[in-house]
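S.K.: Next come a sequence and a model predicted from it.
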Amino acid sequence: MVKFKKLYWSHFQAALDWDDAEMWLEGAVQSGWSVSQMRNKRYETVGGRKPKDEEIVVAEMDEDYTPLSADDTPSSLTGEYEGVQGPRHDGPDFGDEPEPGSGGPAASTPAAADDSEPALALVRPFEDLPELPDDLADAFDQLKLSILTHKRNEWKEVALQDVIDTLEAFKALAAAP
């Protein structure tokens, strides 16, 4: 059973329909990604059309929800919480409690990292590439996912240099007269 410590339920909700969800959830654990960072990394890597913010379903509408009328206030409904608006913070989801002395999930985020460590530069090699025909785009997307999988597995099944040599051979093939 795979455990994803330091992730919130919203990470799982975002990845619910992804075929490669486990890989991205593991990336979120290792890199300390927020839900939106995890989504953006996946869209950058996998490609395709990035959905607009309003297209992302964060939660389904509760069919039992009844909106308040203009005359209703929290104090008129319950006699409590006068002047308080907005949701109540309940704390982390079950199983997300910080371990004693760990400082919680925020302690592992890059912003909380020790200043003596140099910040890792983000690598975005596919960010400014032109659109490709569907057959090439599909093949390259599959290749990207395969490379990421082998990289995540620390090149146990294939040597990194063998992959680089093969990519160089593709480069030579494409540039050949």
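M.R.: In hand now; what should we look at?
S.K.: can you pull the contacts of residue 176?
M.R.: Applying C-beta atoms under 8 Å, 6 or more residues apart in numbering, we find residue 176 in contact with no residue. Using the backbone N, CA and C atoms, a C-beta is placed for each residue, glycine as well.
S.K.: list the contacts for residue 160?
M.R.: With C-beta under 8 Å, 6+ apart as the criterion, the residues that contact residue 160 are residue 151.
S.K.: how near is it to residue 154?
M.R.: Residue 160 sits 9 Å away from residue 154, going by C-beta to C-beta, to the nearest Å.
S.K.: which helix of the chain spans the most residues?
M.R.: With DSSP state H setting the assignment, residue counts place helix 134-152 as the longest helix in the chain.
S.K.: Put the alpha carbons of that helix into CSV.
M.R.: What follows is the C-alpha trace of helix 134-152 in CSV, where atoms were taken according to Å, rounded to 0.1, in the frame of the first residue of the first chain:
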residue,chain,number,x,y,z
ASP,A,134,-0.7,14.8,-33.7
ASP,A,135,1.4,11.7,-34.5
LEU,A,136,4.6,13.3,-33.3
ALA,A,137,3.0,15.0,-30.3
ASP,A,138,1.5,11.7,-29.1
ALA,A,139,4.9,9.9,-29.6
PHE,A,140,6.8,12.6,-27.7
ASP,A,141,4.3,12.7,-24.9
GLN,A,142,4.6,9.0,-24.4
LEU,A,143,8.4,9.3,-24.5
LYS,A,144,8.3,12.1,-21.9
LEU,A,145,6.2,10.0,-19.6
SER,A,146,8.5,7.0,-20.0
ILE,A,147,11.6,9.1,-19.3
LEU,A,148,10.0,10.6,-16.2
THR,A,149,9.1,7.1,-15.0
HIS,A,150,12.6,5.8,-15.4
LYS,A,151,14.0,8.9,-13.9
ARG,A,152,11.7,8.5,-10.9
